[in-house]
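Visitor: Generate coordinates for the sequence data below:
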Amino acid sequence: MLFGLGMLHKKLGVLDLYSLEKITFFFNESFPLDLLSYGFKIILFVVSLLLGLVIYYGILEKHNVFKFIHSFELSFNDICLSITLFLSLVHVYLKLTV
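Guide: Numbers count the residues shown, from 1 in each chain. Okay, the predicted model is just below:
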């Protein structure tokens, strides 16, 4: 289906040989199109989708993770504290790494 949508875009002129020439003219960049990369992207998407379904139905539903998350309640102060802690940790991490 994804390959079909890609071909439909190509047939409609969204991404054809002339549009590639226009991109090269306006932006001085060239993007080679090959069917092997489309196939690899489709396979990678399908594998990611299947892995997500296995994780969701195999692990998360069996161990009642969502019931724990649903029963966990935060007050307004708790939400403000968690946002502040998260942003502080991101800030410290970026200061240490960059």
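
Visitor: For burial, what's the neighbour tally of Tyr38?
Guide: As a burial measure, Tyr38 scores 14 neighbours (other C-beta atoms under 10 Å). Using the backbone N, CA and C atoms, a C-beta is placed for each residue, glycine as well.

Visitor: what about it, distance to Lys22?
Guide: Tyr38 sits 21 Å away from Lys22, taking C-beta to C-beta, to the nearest Å as the criterion.

Visitor: distance between the helix or strand hosting Ile42 and the chain's centre?
Guide: When elements are assigned from DSSP states H and E, Ile42 belongs to helix 35-54. Centre-to-centre, helix 35-54 and its host chain are 12 Å apart (C-alpha atoms, centre = their mean, to the nearest Å).

Visitor: Likewise for stretch 45-58?
Guide: Chain-centre distance of stretch 45-58: 14 Å, with C-alpha atoms, centre = their mean.

Visitor: Domain ranges for the chain, per the record?
Guide: As assigned by automatic domain parsing, the chain contains the domains 2-72, 73-98.

Visitor: Give me the residues contacting the helix or strand hosting Lys95.
Guide: According to DSSP H and E, Lys95 maps onto helix 76-97. When contacts are defined by C-beta atoms under 8 Å, 6 or more residues apart in numbering, helix 76-97 is touched by residues Leu74.

Visitor: Report the rounded mean pLDDT for it.
Guide: In this model, helix 76-97 carries a mean pLDDT of 96.
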